[in-house]
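> Whatever this is, show me its structure:
(one chain, ligands or ions: 2)
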Amino acid sequence: MSGVRQDVVDARRIVVKIGSSSLTTAAGGLDADRVDALVDVLAKHQDREIVLVSSGAIAAGLAPLGLLRRPTDLARQQAAASVGQGLLLARYTASFARYGRRVGQVLLTTYDTSHRVHFRNARRTLEQLLAMGAVPVVNENDAVATDEIRFGDNDRLAALVAHVVRADLLVLLSDVDGLYDGDPRRPGARKLATVDGPEDLAGVELGSAGRAGVGTGGMVTKVEAARIATGDGIPVVLTSAVHVADALAGRATGTWFRATGPRSAGRLLWLAHASSPRGGVTLDAGAVRAITEGGGSLLPAGITAVDGDFTAGEPIELRDETGRTVARGLVNFDAREIPLLIGRSTRELARELGPDYEREVVHRDDLVLMRS
Ligand SMILES: Nc1ncnc2c1ncn2[C@@H]1O[C@H](COP(=O)(O)OP(=O)(O)O)[C@@H](O)[C@H]1O
Ligand SMILES: N[C@@H](CCC(=O)OP(=O)(O)O)C(=O)O
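Ligands and ions are numbered 1, 2, ... in the order given. You can find the predicted model right below:
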């Protein structure tokens, strides 16, 4: 263990994410004492801006709805989240009120972290809450997010929120005090003090959630969140919720993921990390060049094939003729419309089908190049 982490000490704007497993009792309900214990620490950091990403809505809604464990179907998870989110927020509101602090609820979907207008709105709301001294409490908008568009875990959501607010640091709090080289319950498992880059993760076994039916992503999504944030220039501390005070003080607790990439400004970070787009298009060589070298949009003329079942506004893959994904983007047409457009000029399409068809299939502002 080394000394103080200067990047943490210097961090003024911090996203703190806490998992369901650290907020619930052994029986599965919301644990008010644990919420208070977290708030006791966060409220002390008045000279910093803290955005809290809190899981726990589904867990908090189980008992009130007479459910004994986390349901596997989306509809009941959504109902539990809808009941639980209110209880969770009420708890945070009361807990921060002990320190005279207000909280503001911000519920997001993947849509809000990628679409221009929503991204800007989310950023503006978070900025305004911080400017007014309120603590934003963020969760996924579980009640409306469907399987296709949801993060499903709050680890990646937290990394994207850190990107949205341009945080200096992301703190991931769990029920385990860091990343181990294998299941931490296994004798001999070793904790990693520092991760400098992907090479340090070779050989590390990333297991699933600890308490069955409570957390969701396990270590896989935490490491993925760390990869997104560090690649975006934001360092990450992963530790146990009981060590949050140490983590925020810069003491060497948990696992420290060093920032690897430059900070990026755009809203499209999410697209590059979206789980799996629901389809894609194949581009001819000219279109690949226009996109990767010329900073152009994707026009119908450059498309040779389409696959999958997507609707306008959703993310898709843009592939070259060997099947390699060269970019991801938000598409302006439904999949079923694209065969009609393939290989044709926008002018011709507009003449034939009306001015609505004189548009890019993917606008360059809605497109992110994938590193090969
Ligand atoms: N390599 C590993 N290092 C640390 N924890 C691991 C590892 N593999 C699996 N885990 C499990 O991941 C769990 C944390 O994930 P999860 O239950 O989803 O927590 P949260 O609710 O905080 O998001 C730990 O309880 C631990 O048992
Ligand atoms: N949005 C969900 C969070 C999903 C979840 O369980 O996440 P986590 O405990 O962080 O692995 C909820 O509030 O229940």
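> Can you find the helix or strand in the chain with the smallest mean pLDDT?
Lowest by mean pLDDT, DSSP states H and E among the helices and strands of the chain is helix 269-273, with a mean of 71.
> Contacts for that helix next, please.
Here helix 269-273 makes contact (C-beta atoms under 8 Å, 6 or more residues apart in numbering) with 110, 113-114, 156, 160, 163, 224, 228, 232, 315, 328-330, 368, 370. For every residue, glycine as well, the C-beta is placed using N, CA and C.
> Equivalent analysis for stretch 29-48, please.
11-14, 16, 18, 22-25, 50, 52, 56, 59-60, 62-63, 84, 87-88, 91-92, 95-96, 98-99, 101, 135, 173, 241-242, 244-245, 248.
> and these, which of them are in helices?
Members of these lying in helices (criterion: DSSP state H): 59-60, 62, 84, 87-88, 91-92, 95-96, 244-245, 248.
> which pair in those residues spans the largest distance?
Farthest apart among these by C-beta to C-beta are Leu62 and Leu248. That separation is 30.3 Å.
> And the closest residue to Gln78 other than its chain neighbours, how far from Thr93?
Nearest in space to Gln78, with sequence neighbours left out and distances taken as C-beta to C-beta, 6 or more residues apart in numbering, is Ala143 at 5.1 Å. Computed as C-beta to C-beta, to the nearest Å, the Ala143 to Thr93 distance reads 19 Å.
> Repeat that for Gly188.
44 Å.
> Looking at those two, which one has more neighbours?
Thr93 (16 against 7; other C-beta atoms under 10 Å).
> can you pull the contacts of the more buried one?
102-103.
> so Arg12 makes contact with Ile50?
No - in this structure Arg12 lies outside contact range of Ile50 using C-beta atoms under 8 Å: 10.0 Å.
> Between the contacts of helix 269-273, which sits nearest ligand 2?
Among those, Arg156 lies closest to ligand 2 (C-beta to the nearest ligand atom), at 9.8 Å.
> Quick check, pLDDT for that closest one.
Among the per-residue scores, Arg156 shows a pLDDT of 90.
> Now that it has come up, it's in contact with Glu224, right?
Yes - at 6.0 Å, Arg156 counts as touching Glu224 under the criterion of C-beta under 8 Å.
> The helix or strand just after the least confident helix or strand of the chain - which strands sit beside it in the sheet, and in what orientation?
Once helix 269-273 ends, the next helix or strand along the chain (criterion: DSSP states H and E) is strand 279-283. Taking DSSP bridges as the criterion, strand 279-283 sits next to strand 303-308 (antiparallel), strand 315-319 (parallel) in its sheet.
> Which parts of the stretch 201-350 of the chain are strands?
With DSSP state E, counting those that start in this stretch as the criterion, the stretch 201-350 of the chain has strands at 236-240, 255-257, 279-283, 303-308, 315-319, 325-330.
> In TSV: those, plus mean neighbour count.
TSV is the format used below for these (neighbours: other C-beta atoms under 10 Å):
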stretch	mean neighbour count
strand 236-240	25
strand 255-257	25
strand 279-283	23
strand 303-308	17
strand 315-319	25
strand 325-330	22
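> I'd like those strands as TSV, with distance to ligand 1 and mean pLDDT appended.
Formatted as TSV, those follow (distance: least, C-beta to the nearest ligand atom, whole Å; pLDDT from 0 to 100):
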stretch	distance to ligand 1	mean pLDDT
strand 236-240	8	97
strand 255-257	9	98
strand 279-283	29	96
strand 303-308	30	96
strand 315-319	25	93
strand 325-330	26	92
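> Among those, which comes closest to Phe151?
Of all those, strand 315-319 comes closest under C-beta to C-beta, at 13.2 Å.
> how about the closest one as CSV, C-alpha atoms only?
Taking Å, rounded to 0.1, in the frame of the first residue of the first chain, the C-alpha atoms of strand 315-319 are listed here in CSV:
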residue,chain,number,x,y,z
PRO,A,315,-27.8,2.4,-32.7
ILE,A,316,-26.5,0.2,-35.5
GLU,A,317,-23.1,-1.1,-36.7
LEU,A,318,-21.5,0.1,-39.8
ARG,A,319,-19.4,-2.7,-41.3
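> now it: how far from the chain's centre is it?
Computed by C-alpha atoms, centre = their mean, to the nearest Å, the chain-centroid distance of strand 315-319 equals 20 Å.
> got the angle between it and strand 325-330?
Using axes from the mean of the first three to the mean of the last three C-alpha atoms, to 10 degrees, the direction of strand 315-319 lies 150 degrees away from that of strand 325-330.
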